[in-house]
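[1] give me the fold of what follows.
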Amino acid sequence: MREGLADVATALALGSGAVVLLTVRSWRTALRVLLDLLVAAGLLRLAVGSGWTALATAAAIILLRQLLWAGIAAGPPARAPTIGAALRVRRSRPTVSGRTQSEHSGRITP
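    Take a look at the predicted model:
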């Protein structure tokens, strides 16, 4: 009876991840739910089986969760600024007095 509980928890984790993905439409949130529930299933599997295999399985699931979430939380690398963006920043640079120089007239405006 207890052996099947971990398998049921794994199946429910997959189903819950799919439901979250379809309802929230955020793959990061769905992956977070899936990984958390897979950790719970791994801990249930560890509680049932007291061997080294169960411990290694639970440790592998937790390690996988940590690595995936660290990779997702880091996000994609930042893009290099374009020339247009650099020019926009340059035009609105404040002067020493804290005022910005007007682009067209050359006058200092508040």
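[2] contacts, neighbours, all on C-alpha from now
    Noted.
[3] which secondary structure elements does whichever helix or strand residue 39 is part of sit against?
    Applying DSSP states H and E as the criterion places residue 39 in helix 27-48. The contact analysis (3 or more C-alpha pairs under 8 Å, 6 or more residues apart in numbering; DSSP states H and E) places helix 27-48 against helix 2-24, helix 52-74.
[4] in stretch 30-50, what counts as buried?
    30-48 (16 or more other C-alpha atoms under 10 Å).
[5] for that stretch, list the C-alpha coordinates in CSV.
    Taking Å, rounded to 0.1, in the frame of the first residue of the first chain, the C-alpha atoms of stretch 30-50 are listed here in CSV:
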residue,chain,number,x,y,z
ALA,A,30,4.4,25.1,-13.4
LEU,A,31,7.9,23.9,-13.2
ARG,A,32,8.2,25.1,-9.6
VAL,A,33,5.0,23.2,-8.6
LEU,A,34,6.2,20.1,-10.5
LEU,A,35,9.6,20.1,-8.9
ASP,A,36,8.3,20.7,-5.4
LEU,A,37,5.8,17.9,-5.7
LEU,A,38,8.4,15.6,-7.1
VAL,A,39,10.5,16.3,-4.0
ALA,A,40,7.6,15.3,-1.9
ALA,A,41,7.2,12.1,-3.9
GLY,A,42,10.9,11.4,-3.4
LEU,A,43,10.6,11.9,0.3
LEU,A,44,7.6,9.5,0.4
ARG,A,45,9.7,7.0,-1.5
LEU,A,46,12.5,7.5,1.0
ALA,A,47,10.2,7.0,4.0
VAL,A,48,8.9,3.7,2.6
GLY,A,49,12.2,2.2,1.5
SER,A,50,15.1,2.5,4.0
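[6] what sits up against it?
    2-3, 5-7, 9-10, 13-14, 16-18, 20-21, 54-55, 57-58, 61-62, 65, 69 (C-alpha atoms under 8 Å, 6 or more residues apart in numbering).
[7] next, format the helices and strands packed on helix 27-48 as TSV and append mean neighbour count.
    What follows is those, written out as TSV (neighbours: other C-alpha atoms under 10 Å):
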stretch	mean neighbour count
helix 2-24	15
helix 52-74	14
